[in-house]
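Visitor: can't give you the sequence, but here's the structure:
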């Protein structure tokens, strides 16, 4: 019997294989190089400045959120993009926190800020033709405040809990009543949760409201089609004529359509914009941005109004039950190193508890500036002495600490790693425990036994600050103070019960000074949660107070 | 259709139903032991600022405050009458969600299977017929290479080159013909490796058989020998492997759909897993179980066509999920006449 296979000369095959391997490697290199050198945009800039009618844009987004029930979803950081074009709000809040008229053309309040009168624009209609009048506004206010929990519809969480009721005085006047002074009411009307939808939509059961096609708004665009977890196509509404004056345009939008398309992979989103297949890529990574700028793409990193990114320290849990250790923590963080390592020049260091574009913001950066020598001497003073392994101890206990990166902020883990290094040099033994969103919610979010929590949190009215300080009135008690700190209680009341904006701004300033002096909070950087890389031929995009891009004012070059 | 066939089919059908129900209950148990539920997880996000009382009322609306056993019973009793319920994440009917994504995944999986088969047969053909010094060794190494390069790397590379460089397809229209083709290539390559491995082994074995030598000695060309004599007996284990790769196609679809931006079963699963959307996951797992069982059933039915020695009355002896019937013993001569070759 003869054999038909085997007996191949090993040396020769070996050589052939090596040659082919080399060829494959070379081919892969060439392809990759070609891929990396992807052609830049056609030509950057050069617009005449005169808006052009028409055009379609494609916005690539990494998620389209969960449900589309307006009340439950309007706060989603993804769905807010769609709602912002399909619906209007009563007032407009710009990137600087400035409140201006929109559907409400004017408003008044009584002296103790418990009663507000809203005067609505005439002629505003929902896209199904029904009027957006006082009765519709009252229904929306009630829904935001109370929801319908027994029908699966939640209230809008951050709507003032002091809301009592609203009444339609006539077709264009709404009277709103509160149980207690609520200066934050009017700014809250410009928050992304406060979207006006038609009473007919509000009357639908949860399952039908979850179908975006049934959600009728009064915005400059309407939903043409959508597919769950895939895409939403918006077309402009020709008879729209009530845009916010603050954006400098009130008529119909310039663009014909906006397509929001889910592309989960970040490099595919940016690659598609680079190759001209899409116009906007959302949530690129900070490290990529410089190269996009060099290639001539528009990169926007609007800041939202809210708290800065930083650590709230639990005064009930060691080692932060000692003011000196908290202060050492504050002064031991090198914010410049974090900015230059994790971010680009578009990011800036924190100047206090709140982002510096909040109207009430004041600069307190001196009180927590990086000063490792000061930090070391504070720890010495507190009785923590450095051991042979570089870790400080006191009464035999090491100076231990665990950080929990916030899964809602992509750069959080990188920041925590740097902070761990910086504090390690001071003699802290820092551990990092990273969780996914679900586990984080279970183990970290409400856990009062942890020594710290990394804050990422937006708000539209600085009055929110009052609700996080202590445990009074369902307060979040960020620092584990309960009501033990008299000065904090006093300033909390001054902010919460203020009836005058200047008076409140002063209280916020004093509050920040107090919190940072006591080192309850260790600020790190100002937060940019939304990053946009766009086609340079797309002009005049506006960003509001919560950093959402609005393409109502935008237009495409020919 | 004879009685033994009907008995066989009936038994397999019963097995299939049991498998699907077990898959359904298993999914429920696995998801239930995870901490939290999708509704509470969403509401607990501090950005929402809900009170515990508000959260409790909404959780009660979804029936998530009930004991797990009660929830399982309710969900199972709806499932058996075809009511898949409502998604906890999107609040939309599960049937609508699944119906929206199935066509896209079906197209992707079918194309990927086609790509895998063409690739596997081409490689296998090459290993038999290329002159040994020109690349046969390389071809034999290809399946290992195909298996070891992650699908997402191939996928990203294909997008970079064919979408962004050559503009052959647009990533925002992932259901177009070219886009589907390249997604299928990325998904099909690792699958082709397994098919090719099995096929090459089979061909090597068959070509060493005496009948092959006889055929060759009679002057039959390599190509005709391959097509007429070697391929059929070598294909039998391929059917088994292909049936088993269905699971791989569905699993791989998850990654490939994410990379290519396709909205299919994989991306639905991905969104549902991350939010613990139990009704959707149960529906998808049950669907996958059905597909898996049906495909393997079809495979069993194809064997007799390829090899008459496989008889139906032997098939029920195997447990469900165990691949294939016994393979033909190599000693049995295929040719009618035994011819001795010097």
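Guide: Nice, I can see it. Since this is a predicted model, take the numbers as computed values, not measurements.

Visitor: three-state assignment of residue A:93?
Guide: strand (DSSP: H, G, I helix; E, B strand; the rest coil).

Visitor: next one: it relative to chain B, how far apart?
Guide: Separation of residue A:93 from chain B (CB to the nearest CB, to the nearest Å): 17 Å. All C-beta atoms are positioned from the backbone trio N, CA, C, and that covers glycine.

Visitor: next, count neighbours for that residue.
Guide: Other residues near residue A:93 come to 26 when the count uses other CB atoms under 10 Å in any protein chain shown.

Visitor: likewise residue A:100?
Guide: Counted with other CB under 10 Å, the neighbours of residue A:100 add up to 14.

Visitor: likewise for residue B:186?
Guide: Using other CB under 10 Å, residue B:186 is surrounded by 27 other residues.

Visitor: what's the answer for the one 4 residues further on, then?
Guide: Applying other CB under 10 Å, we find 22 other residues in the vicinity of residue B:190.

Visitor: packing partners of whichever strand or helix holds it?
Guide: Assigned by DSSP states H and E, residue B:190 belongs to helix B:177-207. Applying 3 or more CB pairs under 8 Å, 6 or more residues apart in numbering or on different chains; DSSP states H and E, one finds that helix B:177-207 makes contact with helix B:94-129, helix B:137-148, helix B:151-158, helix B:231-260.

Visitor: can I get those helices in JSON lines with distance to chain A and mean pLDDT?
Guide: Putting the helices and strands packed on helix B:177-207 into JSON lines (distance: least, CB to the nearest CB, whole Å; pLDDT from 0 to 100) gives the following:
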{"stretch": "helix B:94-129", "distance to chain A": "6", "mean pLDDT": "90"}
{"stretch": "helix B:137-148", "distance to chain A": "4", "mean pLDDT": "83"}
{"stretch": "helix B:151-158", "distance to chain A": "7", "mean pLDDT": "89"}
{"stretch": "helix B:231-260", "distance to chain A": "5", "mean pLDDT": "84"}
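
Visitor: got those helices as a markdown table, with distance to residue B:74 and mean neighbour count columns?
Guide: Formatted as a markdown table, the helices and strands packed on helix B:177-207 follow (distance: least, CB to CB, whole Å; neighbours: other CB atoms under 10 Å in any protein chain shown):
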| stretch | distance to residue B:74 | mean neighbour count |
| --- | --- | --- |
| helix B:94-129 | 14 | 20 |
| helix B:137-148 | 43 | 18 |
| helix B:151-158 | 38 | 19 |
| helix B:231-260 | 28 | 21 |
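
Visitor: dump the residue contacts of whichever residue of the stretch 401-550 of chain A sits closest to chain B.
Guide: Per CB to the nearest CB, residue A:442 is where the stretch 401-550 of chain A lies closest to chain B, at 4.6 Å. Residue A:442 makes contacts with B:35-36, as judged by CB atoms under 8 Å, 6 or more residues apart in numbering or on different chains.

Visitor: and the helices and strands packed on helix B:177-207 as a markdown table, adding distance to residue A:446?
Guide: Formatted as a markdown table, these follow (distance: least, CB to CB, whole Å):
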| stretch | distance to residue A:446 |
| --- | --- |
| helix B:94-129 | 30 |
| helix B:137-148 | 45 |
| helix B:151-158 | 36 |
| helix B:231-260 | 31 |
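
Visitor: got any ranges where chain B has weak pLDDT?
Guide: Counting by pLDDT under 70, the ranges of chain B that qualify are B:1-2, B:5, B:44-49, B:131-135, B:304, B:308-342.

Visitor: buried set for the helix holding residue B:190?
Guide: By neighbour count with 16 or more other CB atoms under 10 Å in any protein chain shown, helix B:177-207 contains the buried residues B:179-200, B:202-204, B:206-207.

Visitor: how about stretch A:100-113?
Guide: Buried, per 16+ other CB under 10 Å, within stretch A:100-113: A:101-105, A:107, A:109, A:113.

Visitor: closest one to chain B out of the residues you listed, please.
Guide: For those, the nearest to chain B is residue A:113 (20.1 Å; CB to the nearest CB).

Visitor: give the contact list for residue B:72.
Guide: When contacts are counted by CB under 8 Å, 6+ apart, residue B:72 is found next to B:25, B:28-29, B:32.

Visitor: type out the ChimeraX command that picks the buried ones from those residues.
Guide: In ChimeraX, this line selects whichever of the contacts of residue B:72 come out buried by 16+ other CB under 10 Å:
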select /B:28
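
Visitor: just the closest of the contacts of residue B:72 to chain A, please.
Guide: Out of those, the member with the shortest distance to chain A (by CB to the nearest CB) is residue B:32, at 13.9 Å.

Visitor: pretty sure the closest one is touching residue B:67, no?
Guide: No - with contacts counted by CB atoms under 8 Å, residue B:32 stays clear of residue B:67, the gap being 10.4 Å.

Visitor: can you pull the poorly scored residue ranges out of chain A?
Guide: Using pLDDT under 70, chain A drops low at A:1-48.

Visitor: let's see that with 80 instead.
Guide: Chain A contains residues with pLDDT under 80 at A:1-49, A:74-77, A:157-158, A:436-439, A:441-442, A:445-446, A:460, A:473-474, A:529.

Visitor: give the helix, strand or coil label for residue 84.
Guide: Going with chain A. When classified by three-state DSSP, residue A:84 comes out as helix.

Visitor: not what I meant, chain B
Guide: Secondary structure state of residue B:84, per three-state DSSP, is coil.

Visitor: and it, what is it in contact with?
Guide: For residue B:84, the contact set (CB under 8 Å, 6+ apart) comprises B:78, B:93-95, B:98, B:279, B:282-283.

Visitor: about what we covered before: and the helix holding residue B:190 with helix B:94-129, angle?
Guide: Relative orientation of helix B:177-207 versus helix B:94-129 (axes from the mean of the first three to the mean of the last three CA atoms, to 10 degrees): 50 degrees.

Visitor: buried set for the helix or strand just after helix B:177-207?
Guide: Note on helix B:177-207: by DSSP H and E, the next helix or strand toward the C-terminus is helix B:210-217. By neighbour count on 16+ other CB under 10 Å, the buried set for helix B:210-217 is B:210-216.

Visitor: summarise which helices and strands helix B:210-217 is packed against.
Guide: Judged by 3+ CB pairs under 8 Å, 6+ apart, helix B:210-217 is in contact with helix B:222-225.

Visitor: so how far is chain B from residue A:398?
Guide: 30 Å.

Visitor: still on that earlier bit, keep only the buried residues of stretch A:100-113 that also lie close to chain B.
Guide: Subset of the buried residues of stretch A:100-113 in contact with chain B: empty, counting by CB under 8 Å from any CB of the partner chain.

Visitor: and of those, the nearest to residue A:304?
Guide: residue A:102 (18.7 Å; CB to CB).

Visitor: about what we covered before: so which of the helices and strands packed on helix B:177-207 comes closest to residue A:418?
Guide: Nearest to residue A:418, of all the helices and strands packed on helix B:177-207, is helix B:151-158, at 29.0 Å by CB to CB.

Visitor: now the angle from the closest one to helix B:231-260?
Guide: Computed with the same axes, to 10 degrees, the direction of helix B:151-158 lies at 70 degrees from that of helix B:231-260.

Visitor: helix B:151-158: how far from the chain's middle?
Guide: The chain centre lies 19 Å from the centre of helix B:151-158; the measure is CA atoms, centre = their mean, to the nearest Å.

Visitor: before we move on, what about stretch B:152-167?
Guide: What separates the centre of stretch B:152-167 from the centre of its chain is 24 Å, taken as CA atoms, centre = their mean.

Visitor: ends of that stretch, how far apart?
Guide: Stretch B:152-167 stretches 20 Å from its first residue to its last (CA to CA, to the nearest Å).

Visitor: residues in contact with that stretch?
Guide: A:31-32, A:34-35, A:38, A:265, A:267-268, A:271-272, A:274-275, A:277, B:168-171, B:178-179, B:182-183, B:185-186, B:189, B:255-256, B:259-260.

Visitor: quick one, what contacts residue A:223?
Guide: Per CB under 8 Å, 6+ apart, neighbours of residue A:223: A:82, A:86, A:212-213, A:215, A:232-234.
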